[in-house]
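Enquirer: How does the following fold in three dimensions:
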Amino acid sequence: MADSSDQENVVSNKQVIFRDFISGFPKESDFFVATGPVKLKLPEGSRGVLLKNLYLSCDPYMQVLMTPKNEGSGEVFAPFTPGSPVHGFGVAKVLDSGHPDFKKGDIVWGITKWEEYSVISAPEILFKIQHTDVPLSYYTGILAVHGMTAYAGFYELCSPKKGEYVYVSAAAGAVGQLVGQFAKLMGCYVVGSAGSKEKVDLLKSKFRFDEAFNYKEEHDLDAALKRYFPEGIDIYFENVGGKMLDAVLLNMRDHGRIAVCGMISQYNAEKPEGVCNLLNIVYKRVRLQGFNVFDYFQQYAKFLETVIPYIKEGKIAYVEDIAEGLESGASALVGLFNGRNIGKQVVVVARE
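Expert: Sure, this is the predicted structure:
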């Protein structure tokens with residue numbers, strides 16, 4: 001017979017379940033919401049943590065985890081498991097802990113599951129949140145992986161100097177909006193591209209980019225870049241790939257730097273687009289480098305010391321697109337791939 005205290009500790013746990021592997025862009029029907037029981041107490045001897053999830057991050061890389069062949073991504077992220085909850089970055093509150101580094105009541109960010117409550121058996125992947133005087137949802141983006149990606153990619157790979165010419169593609173996204181603002185704080189000239197008039201206006205009015213354009217309205221990307229960068233580009237923060245990268249290579253200045261953060265145009269391509277203008281890397285002595293943000297997390301404390309004052313002083317603006325409830329999670333995630341989101345896409349599970 002079950003112990004009555006055990007029964008009292010069991011509650012329902014709403015989850016977003018990944019249905020099966022996909023090809024092409026994800027659809028809302030690739031996910032479904034289910035509810036099952038969860039015990040709000042860890043078993044004796046556990047070294048894990050029990051989390052109450054608060055905020056979940058929607059990110060383009062997650063599409064790669066939905067395909068049966070996700071070359072390279074498995075080194076950092078495990079693919080989704082059909083019939084199991086989606087997983088990704090999130091912010092959560094510790095309800096129970098068997099690990100010495102965490103206690104009940106701690107607020108953490110890191111990899112969790114798309115459900116109300118999660119048991120994390122290896123909590124070493126979690127970061128304890130020390131600064132709670134900023135919105136906790138910021139730890140799905142600007143104060144977590146996305147902020148570190150912008151910080152490491154721009155400062156470490158691009159070695160920016162005052163007065164340089166900087167171009168950011170997918171500039172209204174979680175990473176791009178921050179790269180542009182870091183560049184402005186350095187005294188650079190900054191241009192961003194995005195996929196709608198609303199996003200272009202946001203880049204110029206909210207994020208203080210010098211110029212911005214809608215790439216969907218440009219039939220000749222090379223001509224567009226020459227219009228905004230008549231003297232060429234010193235730094236390109238790459239988020240798109242394909243035709244955009246090809247056009248950028250024609251417009252790089254001597255000794256230019258390209259930080260390759262992602263290539264969202266290629267994630268769903270049945271046949272990846274070739275890049276024709278690579279010889280410009282040789283002629284112009286351009287440094288093109290991909291990077292993994294996790295190689296730079298030893299600088300996380302330094303990053304927080306830099307960015308949190310910027311936020312509090314209003315030197316950096318940050319825009320979130322908030323979806324309420326796990327039921328809206330699939331729609332929010334799918335919306336990333338048609339450009340529906342404005343700013344960092346976040347799903348709110350609970351507000352503590």
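
Enquirer: Helices along this protein, start to end?
Expert: 4-8, 145-151, 158, 176-185, 197-205, 221-228, 243-249, 279-283, 300-312, 329-335 (DSSP state H).

Enquirer: now for the third one, which elements pack on it?
Expert: Same thing as helix 158. Helices and strands in packing contact with helix 158 are not found; criterion 3 or more CB pairs under 8 Å, 6 or more residues apart in numbering; DSSP states H and E. Placement of C-beta: from N, CA and C, glycine included.

Enquirer: mean confidence for it?
Expert: Mean per-residue pLDDT for helix 158: 98.

Enquirer: what comes into contact with it?
Expert: With CB atoms under 8 Å, 6 or more residues apart in numbering as the test, helix 158 has contacts from Ile235, Phe237, Arg257, Ala259.

Enquirer: what do you get if the cut-off is 6 Å, keeping everything else the same?
Expert: If you take CB atoms under 6 Å, 6 or more residues apart in numbering as the criterion, helix 158 is touched by Ile235, Arg257, Ala259.

Enquirer: residues contacting Arg19?
Expert: Asp30.

Enquirer: how near is it to Phe32?
Expert: Using CB to CB, to the nearest Å, we find Arg19 at a distance of 6 Å from Phe32.

Enquirer: do Leu304 as well
Expert: 37 Å.

Enquirer: In terms of neighbours, single out the busier of the two.
Expert: A direct count of neighbours by other CB atoms under 10 Å for Leu304 and Phe32 places Leu304 higher, at 16 against 12.

Enquirer: Would you mind listing where the chain has pLDDT under the threshold?
Expert: Applying pLDDT under 70 to the chain picks out residues 1-8, 69-76.

Enquirer: One more pass at 90, please.
Expert: Scanning the chain for pLDDT under 90 picks out the ranges 1-9, 23-25, 60-61, 64, 67-78, 124-125, 173, 264-274, 337-343, 352.

Enquirer: And for Ala301, the neighbour number?
Expert: Ala301: 10 surrounding residues under other CB under 10 Å.

Enquirer: Then Asn214?
Expert: Asn214 has 16 nearby residues by other CB under 10 Å.

Enquirer: And Gly256, by the same measure?
Expert: Gly256, neighbours per other CB under 10 Å, totals 25.

Enquirer: do Ala34 as well
Expert: Based on other CB under 10 Å, the number of other residues close to Ala34 is 12.

Enquirer: I'd say it and Lys14 touch.
Expert: No. Contact criterion CB atoms under 6 Å: Ala34 and Lys14 do not qualify, at 7.6 Å.

Enquirer: Glu238 against Gly262, yeah?
Expert: No. In this structure Glu238 lies outside contact range of Gly262 using CB under 6 Å: 7.4 Å.

Enquirer: Strands of the stretch 101-250 of the chain, start to end?
Expert: 107-113, 117-120, 127-128, 165-168, 189-194, 211-214, 233-238 (DSSP state E, counting those that start in this stretch).

Enquirer: The fifth one to helix 221-228, inter-axis angle?
Expert: Just to be clear, that refers to strand 189-194. Angle between the axes of strand 189-194 and helix 221-228 is 150 degrees (criterion: axes from the mean of the first three to the mean of the last three CA atoms, to 10 degrees).

Enquirer: One more: the longest one?
Expert: Computed with the same axes, to 10 degrees, the direction of strand 107-113 lies at 160 degrees from that of helix 221-228.

Enquirer: tell me what strand 107-113 is packed against?
Expert: When contacts are defined as 3 or more CB pairs under 6 Å, 6 or more residues apart in numbering; DSSP states H and E, strand 107-113 sits against strand 87-97, strand 127-128.

Enquirer: which one of these lies closest to Glu164?
Expert: Ranking those by proximity to Glu164 (CB to CB) places strand 87-97 first, at 31.1 Å.

Enquirer: Just checking: what are the partner strands of that closest one?
Expert: Each strand paired with strand 87-97, and its direction, by DSSP bridges: strand 49-57 (antiparallel), strand 107-113 (antiparallel).

Enquirer: quick one: contacts of the last one?
Expert: This points to strand 107-113. For strand 107-113, the external contacting residues (CB under 6 Å, 6+ apart) are 51, 53, 85, 87, 90-93, 118, 125-129, 139, 144.

Enquirer: Looking at those, which one is closest to Glu273?
Expert: His87 (29.5 Å).

Enquirer: What is the burial count for the closest one?
Expert: Neighbour tally, His87, other CB under 10 Å: 22.

Enquirer: Same check on Glu352?
Expert: 7.

Enquirer: quick one: it and Ile142, what's the gap?
Expert: Glu352 sits at a distance of 20 Å from Ile142 (criterion: CB to CB).

Enquirer: Filter the contacts of strand 107-113 down to just the buried residues.
Expert: Buried subset of the contacts of strand 107-113 (neighbour count, 16 or more other CB atoms under 10 Å): 51, 53, 85, 87, 90-93, 118, 126-127, 129, 139, 144.

Enquirer: could you dump those residues to TSV with distance to Ala78?
Expert: Shown next, in TSV, are those (distance: CB to CB, whole Å):
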residue	distance to Ala78
Leu51	18
Asn53	18
Pro85	12
His87	8
Gly90	15
Val91	20
Ala92	19
Lys93	24
Ser118	15
Leu126	16
Phe127	19
Ile129	24
Tyr139	21
Ala144	19
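
Enquirer: Contacts only, for Pro82.
Expert: By CB under 6 Å, 6+ apart, the contact list for Pro82 reads Phe18, Asp20.

Enquirer: And Val260, by the same measure?
Expert: By CB under 6 Å, 6+ apart, Val260 lies in contact with Glu238, Gly290.
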